[in-house]
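[1] no sequence for this one, just the structure:
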């Protein structure tokens, strides 16, 4: 923001993003692979689990609750 001037030609634009690691299916696979009850370190994904996970994401997308990034915010518009 060092070169930002309120009446200048250049604007600073903020793009809100959210990093949400609990929506990554690979994490569930890695956690189950280190489970001591399994014994061997095997990366197994059950088809039903993957299908259920994908279904939840699809439902969020269809109901409008699946967000990746927000609308860009202009600093000049905010200060006006």
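    Perfect, I can see it now. Quick caveat, the model's predicted, so the values are computed rather than measured.
[2] and stretch 71-80, what's its mean pLDDT?
    The average pLDDT within stretch 71-80 is 88.
[3] what about the closest residue to residue 75 other than its chain neighbours, distance to residue 4?
    Leaving aside its sequence neighbours, residue 75 sits nearest to residue 12 (Cβ to Cβ, 6 or more residues apart in numbering; 4.1 Å). Bear in mind the C-beta positions are built from the backbone N, C-alpha and C, glycine included. Applying Cβ to Cβ, to the nearest Å, the value for residue 12 to residue 4 is 5 Å.
[4] any shared contact partners between these two?
    residue 75 (Cβ atoms under 8 Å, 6 or more residues apart in numbering).
[5] lowest confidence element among the helices and strands of the chain?
    Least confident helix or strand, the chain: helix 25-33 with a mean of 67, by mean pLDDT, DSSP states H and E.
[6] one step back: tell me the contacts of the residue nearest to residue 75?
    1, 4, 74-76.
[7] farthest-separated two in those residues?
    1 and 74 (12.9 Å; Cβ to Cβ).
[8] tell me where this protein is predicted with low confidence.
    1, 20-29, 31-45, 67-68 (pLDDT under 70).
[9] which residues of it fall in helices?
    Secondary structure of the chain by DSSP state H: the helices cover 25-33, 47-62, 75-79.
[10] export those helices to JSON lines and tack on mean neighbour count and distance to residue 8?
    Shown next, in JSON lines, are those (neighbours: other Cβ atoms under 10 Å; distance: least, Cβ to Cβ, whole Å):
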{"stretch": "helix 25-33", "mean neighbour count": "13", "distance to residue 8": "44"}
{"stretch": "helix 47-62", "mean neighbour count": "11", "distance to residue 8": "39"}
{"stretch": "helix 75-79", "mean neighbour count": "11", "distance to residue 8": "9"}
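[11] dump those to a markdown table, plus distance to residue 19.
    A markdown table is the format used below for those (distance: least, Cβ to Cβ, whole Å):
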| stretch | distance to residue 19 |
| --- | --- |
| helix 25-33 | 13 |
| helix 47-62 | 16 |
| helix 75-79 | 23 |
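[12] residue 69: which of the ones you listed is closest?
    helix 47-62 (14.3 Å).
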